[in-house]
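1. Here you go, sequence then predicted model.
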Amino acid sequence: MTWVQRNIGGIIIGAYANRQPGYADEQLSEDDPEVIAFQHPEATPAELANLARIEEFIDDAGVIDLLQRARTATAAQIDTWLLNNVTNLAQARTILGIVIKLLVSRRVL
């Protein structure tokens, strides 16, 4: 869970691991679309929509193994692995690449 701070317009302007009394009193799930959008402002709306659709796969044992191996990989190494190992549709490559890069950048791994 993430504690968020909002501006007067209701937009998230801060996200914290712990409650910040007086300014970050609202708790949201880490996979809440608003939290993801705040933590990854560079992500396009399409990328954010893809993230929401694939959250259910995070607990899959094969994905967890892949994510563990990706922990120390660079973005270029991840791209190379995807190009060499994923033979499904191009969209599968795109979605998986987005997920791994965002999880690594969020230090979930």
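-> Yep, it's here. Residues are numbered from 1 along each chain as shown.

2. Which other helices and strands does the lengthiest helix in the chain contact?
-> Longest helix in the chain by number of residues (criterion: DSSP state H): helix 90-105. Under the contact criterion of 3 or more C-beta pairs under 8 Å, 6 or more residues apart in numbering; DSSP states H and E, helix 90-105 touches helix 45-54, helix 61-70, helix 75-85. C-beta here means a position set from N, CA and C on the backbone, and glycine is covered the same way.

3. Go ahead and name everything in contact with stretch 19-26.
-> Applying C-beta atoms under 8 Å, 6 or more residues apart in numbering, the external contacts of stretch 19-26 come out as 3-6, 14-16, 27.

4. buried residues in it?
-> By neighbour count on 16 or more other C-beta atoms under 10 Å, the buried set for stretch 19-26 is A24.

5. Grab the CA positions of that stretch and hand them over as PDB.
-> Extracted in PDB, the C-alpha atoms of stretch 19-26 (Å, rounded to 0.1, in the frame of the first residue of the first chain):
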ATOM      1  CA  ARG A  19       1.700   7.700   6.500                       C
ATOM      2  CA  GLN A  20       2.600  11.300   6.600                       C
ATOM      3  CA  PRO A  21       0.200  12.800   9.200                       C
ATOM      4  CA  GLY A  22      -1.400  16.000   8.000                       C
ATOM      5  CA  TYR A  23      -0.600  15.700   4.300                       C
ATOM      6  CA  ALA A  24      -0.400  12.000   3.200                       C
ATOM      7  CA  ASP A  25      -3.300  10.400   5.000                       C
ATOM      8  CA  GLU A  26      -4.900   8.600   2.100                       C
END
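
6. Please shift the residue numbers so they start at 538 in all later answers.
-> In the new count, where the first residue is 538, that last one comes out as stretch 556-563.

7. Pop the domain breakdown of the chain in here.
-> 538-575, 577-646 (automatic domain parsing).

8. which one of the ones you listed has the lowest average pLDDT?
-> Here the lowest mean pLDDT among the domains of the chain goes to domain 577-646, at a mean of 68.

9. where does D562 fall, phi/psi-wise?
-> Dihedral pair for D562: phi -110, psi 0, per degrees, to the nearest 10.
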